[in-house]
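Trainee: here you go, sequence then predicted model.
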Number of protein chains: 2
Amino acid sequence: MARKSGSHADITGPKVRDAAERLFARHGYAAVSMRQIASEVGVQAGALYLYTKDKQSLLFDLMQSHLEALMTAWLAEPRGDTPGARLEAFTRFHIRHHLDRPDAVFIAYMELRNLDPANFRVIEALRKHYEDVLEDILRDGAEAGVFAVPDTKLTTMALIGMLTGVNIWYRASGRLSRDRVEDLYCEMVQKAVGA
Amino acid sequence: MARKSGSHADITGPKVRDAAERLFARHGYAAVSMRQIASEVGVQAGALYLYTKDKQSLLFDLMQSHLEALMTAWLAEPRGDTPGARLEAFTRFHIRHHLDRPDAVFIAYMELRNLDPANFRVIEALRKHYEDVLEDILRDGAEAGVFAVPDTKLTTMALIGMLTGVNIWYRASGRLSRDRVEDLYCEMVQKAVGA
DNA sequence: GTCTATAATTAGATAGAC
DNA sequence: GTCTATCTAATTATAGAC
């Protein structure tokens, strides 16, 4: 479907999202101006409003699509048939997916404060939905007697915190390969739940 | 030492810091205006500049004093005489200290992006200094053969991430007491390092 | 679809009265 | 030590030309 020349909506739209994601992650939502985003895209500030209602919607859309893509990707992941295998699958998936999208992850964790209340509730529900994935695995394992988990909810939060922390320190140029990081985290997670 | 009436520097100075800490933690450094801080303190915006050079110094001072207080408090803590005891002491100290100062902790982790480059280097060095405490404990335990830690640096970052994550989910009004949280994290940490 | 121009608001920081 | 007033610059968002 060729468009009229001069019509770049299909290109500019995604470019706006990409630029916003990069800039929000680097400098923070509140510190980034619409003019900065426009400049990064290569248009004037006014043109941005063809692709987003306002700055808040830009933030919300980025977070929502990140969390929805996270759930969708997990549901498409091959799942193990024992709690131990499922926990390993989750650990590897979480690290891989998060290291692949550092900017989106960073925004989803750091910019919750800048969401309007109504948007905040939507994002929190999506995040909770994802955390429930791990909680279900831990509960299944505990009930089957293969995990030693005295408090399922606390362990869920502790492990999520540990795994998501990878994004804070991991550098591709660093000492460890991604596979090695996955392996080491898997080992720690399994030991932590007493598997 | 009584001062002239109308001279409230001893009171207003700390109030400025407290208000800034609360507001930065709640809404983010970039989203908070000097007028908001002044309003919270009960003075006009211009009066703030008697107590801080500018907004950036306010942020830097908060982060610096938080991290210095953290190190000082750790050095005053009774230290165990085995790696296992030291790891437990560190775990309990970290959780206790962090849950006592949620706003300062939040700022120290979330506002690194908003530091001037020179200030950033100072804060990063202080943070590294604190992380080295845990790394030293883990290395000692590994060398003594009481911890099974294949990669000391990675384990340090993983545990710090897990422990600091407490501040994200813990609520005093929630299901678990602080002592119970400490106990459960201690147990997980010990298992994770194979102690 | 994009740009230019602009409206309306707000920001950080300072000067000078009291 | 604080307030009032103000300067300068930047902000989001919109209107209308092209």
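Mentor: Happy to help now that I have it.
Trainee: next structured bit after the helix-or-strand element of chain A with minimal mean pLDDT?
Mentor: Across the helices and strands of chain A, mean pLDDT, DSSP states H and E gives its lowest value to helix A:9-27, namely a mean of 94. Once helix A:9-27 ends, the next helix or strand along the chain (criterion: DSSP states H and E) is helix A:34-41.
Trainee: mind listing what A:Glu111 touches?
Mentor: Going by Cβ atoms under 8 Å, 6 or more residues apart in numbering or on different chains, A:Glu111 touches A:24, A:28-29, A:59, A:63. For every residue, glycine as well, the C-beta is placed using N, CA and C.
Trainee: so which of the residues you listed are also by chain B?
Mentor: Filtering those for proximity to chain B by Cβ under 8 Å from any Cβ of the partner chain leaves A:28-29.
Trainee: which one of the contacts of A:Glu111 is nearest to DNA strand C?
Mentor: Relative to DNA strand C, the closest of those is A:Gly28; by Cβ to the nearest atom of the strand it sits at 13.4 Å.
Trainee: surely the closest one is in contact with A:Phe106?
Mentor: No - A:Gly28 is beyond contact range of A:Phe106, at 9.7 Å (criterion: Cβ atoms under 8 Å).
Trainee: which of the residues in the longest helix seen in chain A are buried?
Mentor: In chain A, taking DSSP state H as the definition, the longest helix is helix A:117-143. With burial defined by 16 or more other Cβ atoms under 10 Å in any protein chain shown, the residues of helix A:117-143 counted as buried are A:119, A:123, A:126-127, A:130-131, A:133-135, A:137-142.
Trainee: centre of the chain versus that helix, how much separation?
Mentor: Its chain's average C-alpha position is 13 Å from that of helix A:117-143, according to Cα atoms, centre = their mean, to the nearest Å.
Trainee: next structured bit after it?
Mentor: The helix or strand immediately downstream of helix A:117-143 is helix A:152-164, counting by DSSP H and E.
Trainee: torsion angles phi and psi at A:Glu111?
Mentor: With angles defined as degrees, to the nearest 10, A:Glu111 sits at phi -110, psi 20.
Trainee: quick one: list the elements packing against the least confident helix or strand of chain A.
Mentor: helix A:34-41, helix A:55-75, helix A:102-110 (3 or more Cβ pairs under 8 Å, 6 or more residues apart in numbering or on different chains; DSSP states H and E).
Trainee: for the contacts of A:Glu111, which one is nearest chain B?
Mentor: A:Gly28 (5.4 Å; Cβ to the nearest Cβ).
Trainee: thank you kindly, that will do.
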